[in-house]
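*Asks:* Fold the following.
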Amino acid sequence: MGHKVNPQSMRIKITDTWRSRWFARGKKFAETLKQDNLIRTIVWKKLARSGLVRIDIERLNREINVIIFSTRPGMIIGKGGVGIEELKKQIKQALRIKTELKITVEESKQINLEAQVWATTLAEQLEKRMPFRRIIKNALEQIMDAGAAGVKIAVSGRLGGAEIARTEWLFRGKLPLHTLRANIDFARSTAFTTYGTIGVKVWINKGEVFENSSKLVSGKQ
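*Replies:* Prediction:
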């Protein structure tokens, strides 16, 4: 089951929390969910190369708070907050709302332990026609050196321009997908190359979370 279900969705309220936090009834639920998807699409397209980790959305009364986690917050904020204002304007125009919109940018300091950052980076390198085996091995070494308990990277598609699509993957350390207290970070991305698209998936085991101590215990000795 661990290979067929997103490891983060399995661990909601155990090692992770919901990325959309609000309550709605009836038709408002569908409209609100559509707005959330549109907000995330706009942010990902505009800030794809800004070290995005995740996007959380909170709704309180008549206020929408978009929380952006990134390893490069300076690129998002811009000089004097110009980048934030432009992003606000673009989102409001797309949603056609007069609701107060707030954008919060938080820095993620664990650059080499963020699955989404690595998935995006590997996709960019594949688009530059770099050898897939070399970039995967380099990524595995850097992630394990950063303190990860385990990591797995899989790429699928017409690798190296081959006629037949296939899947290649490499694995290091421990990756217990069925252990719910294991903090597994998962992300995927797509590389658009001249010979087709290549899918990238990254699993990173950051250790185990114990409820009593509320501490993250790495499996790396």
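*Asks:* how about low-confidence regions in this protein?
*Replies:* 1-3, 211-221 (pLDDT under 70).
*Asks:* Helices of the chain, residue ranges please.
*Replies:* 7-10, 27-46, 73-77, 82-95, 115-127, 132-145 (DSSP state H).
*Asks:* and the fourth one, which residues are buried?
*Replies:* Read that as helix 82-95. Gly83, Ile84, Leu87, Ile91, Leu95 (16 or more other C-beta atoms under 10 Å). C-betas here are computed from N, CA, C, even on glycine.
*Asks:* The longest one too?
*Replies:* For helix 27-46, the buried set under the neighbour-count rule, 16+ other C-beta under 10 Å, comprises Thr32, Gln35, Asp36, Ile39, Arg40, Ile42, Val43, Lys46.
*Asks:* so Gly196 bridges to which residues?
*Replies:* With beta bridges defined as DSSP bridges, Gly196 has these partners: Thr193.
*Asks:* I'd guessed it sits against Ser156; true?
*Replies:* No: at 10.7 Å, Gly196 does not count as touching Ser156 under the criterion of C-beta atoms under 8 Å.
*Asks:* Now do the shared contacts for the two.
*Replies:* Ala165 (C-beta atoms under 8 Å, 6 or more residues apart in numbering).
*Asks:* Could you check which of these two has the larger neighbour count?
*Replies:* Legend: neighbour count by other C-beta atoms under 10 Å for Gly196 and Ser156, higher for Ser156 (15 against 12).
*Asks:* How about the contacts made by the closest residue to Asn205 other than its chain neighbours?
*Replies:* What sits nearest to Asn205 in space, not counting adjacent residues and going by C-beta to C-beta, 6 or more residues apart in numbering, is Gly150, at 3.8 Å. Listed by C-beta under 8 Å, 6+ apart, the contact partners of Gly150 are Phe171, Arg172, Gly173, Lys174, Leu175, Trp203, Ile204, Asn205, Gly219.
*Asks:* can you do 7 Å?
*Replies:* By C-beta atoms under 7 Å, 6 or more residues apart in numbering, the residues touching Gly150 are Arg172, Gly173, Lys174, Leu175, Asn205, Gly219.
*Asks:* From Ile204, how far out is the third one?
*Replies:* Computed with C-beta to C-beta, to the nearest Å, the distance linking Lys174 and Ile204 is 11 Å.
*Asks:* Identify the contacts common to these two.
*Replies:* Going by C-beta under 7 Å, 6+ apart, no residue sits against Lys174 while also sitting against Ile204.
*Asks:* which of those two has more neighbours?
*Replies:* Ile204 (27 against 16).
*Asks:* Go through the contacts of Gly150 and flag which are in strands.
*Replies:* Arg172, Gly173, Asn205 (DSSP state E).
*Asks:* Go through the residues you listed and name the one nearest Ile77.
*Replies:* Asn205 (31.6 Å; C-beta to C-beta).
*Asks:* How many residues are close by the nearest residue to Thr179 once chain neighbours are set aside?
*Replies:* Excluding the flanking residues, the one nearest Thr179 by C-beta to C-beta, 6+ apart is Glu208, at 7.3 Å. For Glu208, the tally of surrounding residues (other C-beta under 10 Å) stands at 19.
*Asks:* do Ala48 as well
*Replies:* Residues lying near Ala48 (other C-beta under 10 Å) number 13.
*Asks:* what sits against it?
*Replies:* The contact partners of Ala48, by C-beta under 7 Å, 6+ apart, come to Thr120.
*Asks:* can you give me phi and psi for it?
*Replies:* Main-chain torsions, Ala48, degrees, to the nearest 10: phi -60, psi -30.
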